[in-house]
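Engineer: please work out how this folds:
(one chain, ligands or ions: 1)
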Amino acid sequence: MTTGAGHEKARQELQGQLHAMKDQAQRNKLGQFSTPIELAGEVIKSSLAWLPKRESVRFLEPGFGTGPFYSALLQSVPASRIERAAGYEIDSQYIEPNVRLWGDTGLRLHLGDFTQVEPPADEAHKYNLIVCNPPYVRHHHLSSRQKQQLQAAVSQRLGFEMNGLSGLYTYFMVLSQAWMTKGGVGAWLVPSEFMDVNYGRRVKEFLLSRVTLHRIHRFDPHEVQFDDALVSSAVVFFTNAMPPEEHHVEFSFGGTLGKPKMSTYIGLDRLGRVSKWTHLPRRMPESVQEACPGVLADLFSIKRGVATGCNSFFVLTPDQRQRHNLPSKFLQSILPSPRDLECTEILADDNGEPLISKRRYLLSCDLSEESIRREWPALWEYLERGKAEGVHQRYLCRHREPWYCQETRPPAAFLCTYMGRPTTKSETPFRFILNHSQATAANVYLMLYPKPQLAALLQEAPELALAVWKALSSVTAEHLIGCGRTYGGGLHKLEPRELAGISTDAILRVLPDEIRRKPHRQLPLFSP
Ligand SMILES: C[S@@+](CC[C@H](N)C(=O)[O-])C[C@H]1O[C@@H](n2cnc3c(N)ncnc32)[C@H](O)[C@@H]1O
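Structural biologist: Numbering: from 1, shown residues only. Coordinates of the predicted model:
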């Protein structure tokens, strides 16, 4: 084998040419986003640390692209240490130029779908170093046939069941075990999403019980690693061996692999009990299921706001309402989107209308089309217009009867924005809102409906609402972020169930003693 820094220069040129041949949509389809060489170098350097010092390397890069990890390997170890190197790539356009580029290094590049190729049966043909940036293709871009094949492959080769909603990248990672020698090392540059979402549970189980998980480094979403794919990435390192007793996993965050901003070690046992991993290694909020004596679900029923199926049609400005002459009977005040809401306490006029500058109205009607045609011609005309634009064919509308009738969401006194990014104005991506008006809210908000005991208290002493709202607002951004999920570019989301798991400590402090002593959890759910 030969090596050479010249290869890297030529690789980057080739990467540029191949990139230019395709548009974003084509690249998305196969998850084609290349790893910056500096990062590839760091990943290779870290993964070599788990291989015995003098052991010769049998290297595999599935989803080869132009092979930045291979290139980094060639620059990191003497050629004599590389016993064998191979790549798999599904895109035929990549093969010929790669063969020209790497042919003289001894690389064996195979054209094929890595997830469907039969792994080597014997240890001698397996690999002791597999490094990969797998295609980030979400499950809904996989056909049901593909999903079945992927699940079947994992089940047959590893006797392990994956969640049907898993993205392609998780199959790459799990399936790689069948290609690894005993004691072989895997390093995976993947979106950090699997650490929080439901489908990721099985992947985490795999990492905890089937291999020895060494380290997960999560990059700071504010320093996204890829220019053209907004994913918050992590690198997962593991060895193909059962974890030793008392094994600890390193979780690091931010900075670089060599110099993370934070790092901590967590025992496997404890890790198995933590439901979300992306907030590690920050100080763990006394996690929801683990140790919460009281959680928001004890005091509130939390629901997402109305999902209209087409806000541009069902949510109207005062101007649009007037222009289409729509009857007030079918319009209800609704809050504008959080970015158009300039305050966090919404006052109301005598009619319960919100005193805000950007008023909005939600259109909803449960009459049949026939009665609307007869009795409400202006509304009829507006609905016909919507039909001409295909609004009635949209997913949510199609599943409603009639398609223009919204689900019921009474106004809530307390709301929380459902997603956001920390801004320079306010450090927290989530805002709690105190709503004195009769306006409902769309699904960009979470609506907190007090359960009976709290509702009764608030009725008796309405001034308590302000204290409750302030207590909610005092929950730190870190705590909220830790309970929710983080996406690329620093976007944070909080699902109703996640908000429901937040500790009530701050709120109980402002409530009378009696509510603290009552067993809230046994109260029936308050259904709005
Ligand atoms: C995220 S890119 C990474 C490329 C390269 N390893 C890097 O790090 O820059 C994923 C690569 O996997 C390839 N790919 C997608 N699906 C594949 C499959 N089923 N089998 C093999 N390769 C696949 C894509 O064409 C793309 O080149």
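
Engineer: go through the helix or strand containing residue 320 and flag the buried ones.
Structural biologist: Per DSSP states H and E, residue 320 falls inside helix 318-323. For helix 318-323, the neighbour count (16 or more other Cβ atoms under 10 Å) marks 320-321 as buried. Glycine gets a C-beta too; all of them are placed from N, C-alpha and C.

Engineer: now stretch 42-53
Structural biologist: For stretch 42-53, by 16+ other Cβ under 10 Å, it's 42-48, 50-51.

Engineer: what's in contact with it?
Structural biologist: For stretch 42-53, contacts defined as Cβ atoms under 8 Å, 6 or more residues apart in numbering pick out 35, 57, 69, 72-73, 76-77, 128-129, 131, 185-187, 189, 214-215, 235, 237, 239, 256-258.

Engineer: tell me the helices and strands packed up against the helix holding residue 320.
Structural biologist: Other helices and strands packing on helix 318-323, by 3 or more Cβ pairs under 8 Å, 6 or more residues apart in numbering; DSSP states H and E, are absent; none qualifies.

Engineer: that helix: how far from the chain's middle?
Structural biologist: Centre-to-centre, helix 318-323 and its host chain are 37 Å apart (Cα atoms, centre = their mean, to the nearest Å).

Engineer: got a list of contacts for that helix?
Structural biologist: With Cβ under 8 Å, 6+ apart as the criterion, helix 318-323 contacts 331, 359, 361.

Engineer: dump the residues you listed into CSV; add distance to residue 444 as well.
Structural biologist: What follows is the contacts of helix 318-323, written out as CSV (distance: Cβ to Cβ, whole Å):
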residue, distance to residue 444
331, 19
359, 16
361, 16
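
Engineer: where does residue 360 fall, phi/psi-wise?
Structural biologist: Reported as degrees, to the nearest 10, the phi and psi values for residue 360 are phi -140, psi 160.

Engineer: what is the burial count for it?
Structural biologist: 24 (other Cβ atoms under 10 Å).

Engineer: what residues does it make contact with?
Structural biologist: Residue 360 neighbours (Cβ under 8 Å, 6+ apart): 315-317, 333-336.

Engineer: separation between it and residue 441?
Structural biologist: The spacing between residue 360 and residue 441, counted by Cβ to Cβ, to the nearest Å, is 10 Å.

Engineer: swap in residue 477?
Structural biologist: 21 Å.

Engineer: over to residue 248?
Structural biologist: Distance from residue 248 to residue 441, by Cβ to Cβ: 44 Å.

Engineer: who has more neighbours, these two?
Structural biologist: More crowded of residue 248 and residue 441, by other Cβ under 10 Å: residue 441, with 29 against 17.

Engineer: got a list of what that one touches?
Structural biologist: By Cβ under 8 Å, 6+ apart, the neighbours of residue 441 are 305-306, 334-335, 409, 411-412, 415, 435, 447.

Engineer: now, the most widely separated pair of those?
Structural biologist: The distance between the two most remote of the contacts of residue 441 (Cβ to Cβ) is 14.4 Å, for 306 and 435.

Engineer: which ones, among the contacts of residue 441, also lie beside the ligand?
Structural biologist: Contacts with the ligand within the contacts of residue 441, counted by Cβ under 6 Å from any ligand atom: none were found.

Engineer: looking at these, which is nearest residue 351?
Structural biologist: residue 411 (12.7 Å).

Engineer: hang on, that closest one is in a strand, isn't it?
Structural biologist: No - read with DSSP: H, G, I helix; E, B strand; the rest coil, residue 411 is coil and lies in no strand.

Engineer: pLDDT score for residue 515?
Structural biologist: For residue 515, the model assigns a pLDDT of 57.

Engineer: do the one 10 residues further on as well
Structural biologist: Model confidence at residue 525, expressed as pLDDT, equals 25.

Engineer: next one: residue 10
Structural biologist: Reported pLDDT for residue 10: 96.

Engineer: that one: how many residues sit nearby?
Structural biologist: Residue 10: 16 neighbours (other Cβ under 10 Å).

Engineer: got a list of what it touches?
Structural biologist: residue 101 are the contacts of residue 10 under Cβ under 8 Å, 6+ apart.

Engineer: so which helix or strand takes in it?
Structural biologist: Counting by DSSP H and E, residue 10 is part of helix 5-20.

Engineer: C-alpha coordinates for that helix, CSV please?
Structural biologist: What follows is helix 5-20, C-alpha atoms only, in CSV (Å, rounded to 0.1, in the frame of the first residue of the first chain):
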residue,chain,number,x,y,z
ALA,A,5,-1.0,13.7,1.6
GLY,A,6,-1.5,14.3,-2.1
HIS,A,7,-4.3,11.9,-2.0
GLU,A,8,-6.3,14.2,0.3
LYS,A,9,-5.9,17.1,-2.0
ALA,A,10,-7.1,15.1,-4.9
ARG,A,11,-10.0,13.7,-2.8
GLN,A,12,-11.2,17.2,-1.9
GLU,A,13,-11.2,18.1,-5.6
LEU,A,14,-13.1,15.0,-6.4
GLN,A,15,-15.6,15.7,-3.6
GLY,A,16,-16.1,19.2,-5.0
GLN,A,17,-16.8,17.8,-8.5
LEU,A,18,-19.2,15.1,-7.3
HIS,A,19,-21.0,17.6,-5.1
ALA,A,20,-21.5,20.0,-8.0
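
Engineer: chain center to that helix: distance?
Structural biologist: 32 Å.

Engineer: check the gap between the residue nearest to the spatial centre of the chain and the ligand for me.
Structural biologist: Taking Cα atoms, centre = their mean, the centroid of the chain lies closest to residue 193, which sits 4.3 Å from it. Residue 193 sits 15 Å away from the ligand, going by Cβ to the nearest ligand atom, to the nearest Å.

Engineer: can you point me to the longest strand in the protein?
Structural biologist: For the chain, the longest strand by residue count, based on DSSP state E, is strand 180-191.

Engineer: so what does it touch, helix or strand wise?
Structural biologist: Strand 180-191 packs on helix 37-48, strand 127-132, helix 168-175, strand 233-239, going by 3+ Cβ pairs under 8 Å, 6+ apart.

Engineer: and these as CSV, adding mean pLDDT and distance to the ligand?
Structural biologist: Shown next, in CSV, are these (pLDDT from 0 to 100; distance: least, Cβ to the nearest ligand atom, whole Å):
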stretch, mean pLDDT, distance to the ligand
helix 37-48, 96, 7
strand 127-132, 98, 6
helix 168-175, 98, 7
strand 233-239, 96, 10
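
Engineer: JSON lines please, covering those and showing distance to residue 385.
Structural biologist: Formatted as JSON lines, the helices and strands packed on strand 180-191 follow (distance: least, Cβ to Cβ, whole Å):
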{"stretch": "helix 37-48", "distance to residue 385": "51"}
{"stretch": "strand 127-132", "distance to residue 385": "51"}
{"stretch": "helix 168-175", "distance to residue 385": "41"}
{"stretch": "strand 233-239", "distance to residue 385": "44"}
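
Engineer: okay, those, which one's buried deepest?
Structural biologist: strand 127-132 (a mean of 26; mean count of other Cβ atoms under 10 Å).

Engineer: that strand: how far from the chain's middle?
Structural biologist: That offset, for strand 127-132, works out to 26 Å (Cα atoms, centre = their mean).

Engineer: give the buried residues for the very next helix or strand once past that strand.
Structural biologist: Helices and strands here follow DSSP H and E; after strand 127-132, the next one along the chain is helix 144-158. Across helix 144-158, burial judged by 16+ other Cβ under 10 Å covers 146-147, 150-151, 153-154, 158.

Engineer: out of those, which is nearest to residue 140?
Structural biologist: Nearest member of those to residue 140, counting by Cβ to Cβ, is residue 147, at 9.9 Å.

Engineer: is it true that that closest one touches residue 138?
Structural biologist: No - using Cβ atoms under 8 Å, residue 147 is not in contact with residue 138, being 11.3 Å away.

Engineer: how close does residue 296 get to residue 310?
Structural biologist: For residue 296 relative to residue 310 (Cβ to Cβ), the value is 31 Å.
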